[in-house]
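*Asks:* sequence first, predicted coordinates after that:
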Amino acid sequence: MNLKEMMREKIAKDVLRQSSEDEWHVFVYNKSTARILTHIFTKTQILSNEILSMQRLELNRDPIAYPAIYFVTYCKETYRAIKKDVKNKIYTKYYIIHTNEIKENEKIIGDNIFYKHVDINFVVMDERVFTCLDSVEDAMRSFSSILKLRFNMVNLRADTALFEQLRTNDSMCESRSEYYNSDLIILDRSFDMIVPLIHFFNFESLLYDLNLCQSTTDESPLYREIRYLHIADTNSVLNNKAQKLVEGMKKIDQKTDINEIHKLVLEAPENIKLKESVNRYINLAEDTLNLFEKEQLNYIATFEQNISTGYDNKGSRYQNGIKDVFSVLNQKIKRENKLRLVLLLLSTHYDFQANEVSKLKDKLMLTDQELKIFEKLKVMRKNFNKRKEYNSKFTYEISRYDPLLHDLLRAFVQNKNNRFSNLVKRETTEKKESLRKSSFVFMRHETKKKTLVLYIDVLTYPEMMLINQMSEKSSYEVFVCTNQVVTPKEYLKWLEETRV
């Protein structure tokens, strides 16, 4: 299931098409609902639903003699703004669609004012990933209501406060006949402290890491084809696409058969779009490779992989972490990459000696905030266990580390024994059935797939890739609720701001 497509259809049906009459509307939204719309709609897609124009509630708006659809999260400011619009007769009708529940005395009474509650309290970030609009509890309740899921919960957090909040939310565990069983696994970032710090070289992850990503709504077939390719393979695929386009243009010049020419002409609009996409991504791939070389990522990744896996590329135990880190600090390498390498070593349970910390302060000019990150990571790593097994199945030496999320998903999806096989022995809700014996049904109109929902406080782009790939290839639909999807730079900022 694609959450973007599902929520796009739901919003089009429940929000954008408000009257049976064939009439145009003004679409008014506020800051909160703008977040909901950003990742699933383009402006053109919204306007195609007989929307005359799109306006922000917080901005000054001139009167226009058309009905308006307000898609808002209701609060005092929203109430005052809409009441002012009604008083000034900005529009002819007022369809107020609110994402949160409101009391009757909070509604504006008058002619041509219509209220409707649409329970959407989460922001879809990707096909199977969503973030909280307000709170985790509201996001999970709203999500479970829309997909008609009730949860058996498993807690892998050191802090059980969130688990208790979710466990006591009756609406998420209630036994309605039309609801289907699913499992909710609650994690925090200490589950895998390596992934947010190292470089991953699939195309999409690297674009975000290098701050080159330009769009959050690209769903073109070309992007879907290349987004998870290793950067080493991306160029060849794009070049093949470009070559086929060139060959197609040559055929138009050379063909004498009128039917063949007609066919090629009909295909031309799609080919023009494809050509634009190919050119855009060829340029992005070139920019990526230029930064790859400029920032010496091939060199840095070797140390990242050695530290992360505990082995070198030949399968020998790696024990030169501190020595190699200090050798990198002495070279002309981007400071952020040096800091990430130091934090990676710390996260994997290396204890810096006092003299080593002193040298780090000297060479990296560590700030007070960064020193606080050191202490936070020391607390987080108490719950983190590195994978001890050597992974001999890799295609590229700079991409040997496999996120631990893969181990967890494999325990549930493929029913294989690994470190997470005993999850059901941990703290769970009163529904004490084995995750592998549960009878899961997804949606009646879909292929019957089991469902697994994860909560991870911060998620990374490589993990998002893993979730999509696992869902597409297995009998499970895996969804993730998170507070934030982060790049490595954003992870460092999150570490500065979060309490551990």
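*Replies:* Arrived safely, thanks for sending.

*Asks:* where does the stretch 301-450 of the chain have low pLDDT?
*Replies:* Applying pLDDT under 70 to the stretch 301-450 of the chain flags residues 415-448.

*Asks:* how about a cut-off of 90?
*Replies:* Where the stretch 301-450 of the chain drops to pLDDT under 90, the residues are 386-394, 407-450.

*Asks:* would you map the strands across it?
*Replies:* 450-460 (DSSP state E, counting those that start in this stretch).

*Asks:* assumed Glu225 was part of a helix.
*Replies:* Yes: assessed with DSSP: H, G, I helix; E, B strand; the rest coil, Glu225 lies in a helix.

*Asks:* so what's the nearest residue to Lys376 once chain neighbours are set aside up against?
*Replies:* Nearest non-adjacent residue to Lys376, counting by CB to CB, 6 or more residues apart in numbering: Val500, 4.4 Å away. Glycine gets a C-beta too; all of them are placed from N, C-alpha and C. Shown in contact with Val500 (CB atoms under 8 Å, 6 or more residues apart in numbering): 376, 379-380.

*Asks:* whichever of those end up buried, select them in PyMOL.
*Replies:* Buried members of those, defined by 16 or more other CB atoms under 10 Å, are picked up in PyMOL with:
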select buried, resi 380
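
*Asks:* from the contacts of Val500, which ones fall inside helices?
*Replies:* If you go by DSSP state H, the contacts of Val500 have 376, 379-380 in helices.

*Asks:* SS state for Phe151?
*Replies:* With three-state DSSP as the criterion, Phe151 reads strand.

*Asks:* neighbours of it, how many?
*Replies:* Using other CB atoms under 10 Å, Phe151 is surrounded by 22 other residues.

*Asks:* how close does it sit to Thr451?
*Replies:* As defined by CB to CB, to the nearest Å, Phe151 lies at a distance of 10 Å from Thr451.

*Asks:* now do the shared contacts for those two.
*Replies:* Joint contacts of Phe151 and Thr451 (CB under 8 Å, 6+ apart) are 182-183.

*Asks:* now the helices for the stretch 101-250 of the chain?
*Replies:* 136-147, 161-167, 170-173, 203-209, 221-226, 231-254 (DSSP state H, counting those that start in this stretch).

*Asks:* which one of those helices has the poorest average confidence?
*Replies:* Among these, helix 170-173 carries the lowest mean pLDDT, at a mean of 63.

*Asks:* and of the contacts of Val500, the nearest to Lys359?
*Replies:* Lys376 (21.0 Å; CB to CB).

*Asks:* against Thr487, how distant is the closest one?
*Replies:* 18 Å.

*Asks:* with Asp126 instead?
*Replies:* Between Asp126 and Thr487 the computed distance is 14 Å (CB to CB).

*Asks:* what about the two, which has more around it?
*Replies:* With neighbours defined as other CB under 10 Å, Asp126 and Thr487 compare such that Asp126 has more, 21 against 18.

*Asks:* pLDDT value on the nearest residue to that one once chain neighbours are set aside, please?
*Replies:* Among residues not flanking Asp126 along the chain, Met464 sits closest, at 5.5 Å (CB to CB, 6+ apart). Note on Met464: pLDDT of 97.

*Asks:* what about Met464, neighbour count?
*Replies:* Count around Met464 with other CB under 10 Å applied: 23.

*Asks:* list the contacts of it.
*Replies:* Here Met464 is in contact with 125-126, 128-129, 480, 485 (CB under 8 Å, 6+ apart).

*Asks:* also Val325?
*Replies:* So Val325 contacts 303, 341-342, 345 (CB under 8 Å, 6+ apart).

*Asks:* inside helices: which ones of these?
*Replies:* 303, 341-342, 345.

*Asks:* neighbour-wise, which one of those leads?
*Replies:* Most crowded among those, counting by other CB under 10 Å, is Val342 at 25 neighbours.

*Asks:* mind checking how far that one is from Ser144?
*Replies:* 41 Å.

*Asks:* end to end on stretch 123-137, go ahead and measure it.
*Replies:* Distance between the two ends of stretch 123-137: 14 Å, counting by CA to CA, to the nearest Å.

*Asks:* quick one: buried residues of that stretch?
*Replies:* So, applying 16+ other CB under 10 Å, buried residues of stretch 123-137: 123-133, 136-137.

*Asks:* which of the residues you listed sit farthest apart?
*Replies:* Most distant of the buried residues of stretch 123-137, by CB to CB, are Glu127 and Glu137, 23.5 Å apart.

*Asks:* outline the domain layout of the chain.
*Replies:* For the chain, the structural domains run 3-120, 121-192+403-500, 211-294, going by automatic domain parsing.

*Asks:* Serialize those domains to JSON lines and add fields for distance to Leu329.
*Replies:* Formatted as JSON lines, those follow (distance: least, CB to CB, whole Å):
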{"stretch": "domain 3-120", "distance to Leu329": "38"}
{"stretch": "domain 121-192+403-500", "distance to Leu329": "17"}
{"stretch": "domain 211-294", "distance to Leu329": "19"}
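
*Asks:* follow-up on the earlier one: and which of the contacts of Val500 is nearest to Pro63?
*Replies:* Checking the contacts of Val500 one by one against Pro63 (CB to CB), the nearest turns out to be Lys376, at 53.0 Å.

*Asks:* looking at it, that closest one is touching Leu492, isn't it?
*Replies:* No: counting by CB atoms under 8 Å, Lys376 does not reach Leu492; the two are 10.9 Å apart.

*Asks:* number of residues surrounding Met52?
*Replies:* Small correction: residue 52 is Leu, not Met. Leu52 has 15 nearby residues by other CB under 10 Å.

*Asks:* do the same with the one 3 residues further on
*Replies:* Neighbours of Gln55 under the rule other CB under 10 Å: 19.

*Asks:* likewise Ser236?
*Replies:* Neighbour number of Ser236 under other CB under 10 Å is 10.

*Asks:* for Phe394, see how far away it is.
*Replies:* 19 Å.

*Asks:* and Asn283, how many neighbours?
*Replies:* Using other CB under 10 Å, Asn283 is surrounded by 12 other residues.

*Asks:* contacts only, for Leu341.
*Replies:* 300, 303-304, 307, 325, 328.

*Asks:* now the residues you listed in TSV, with distance to Leu229?
*Replies:* Formatted as TSV, the contacts of Leu341 follow (distance: CB to CB, whole Å):
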residue	distance to Leu229
Ile300	21
Phe303	24
Glu304	20
Ile307	25
Val325	30
Val328	28
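
*Asks:* ok, Ser190 touching Lys378?
*Replies:* No: with contact defined as CB under 8 Å, Ser190 and Lys378 do not form a contacting pair (11.1 Å).

*Asks:* more crowded one of the two?
*Replies:* Ser190 (21 against 15).

*Asks:* residue contacts, that one?
*Replies:* So Ser190 contacts 158, 380-384 (CB under 8 Å, 6+ apart).
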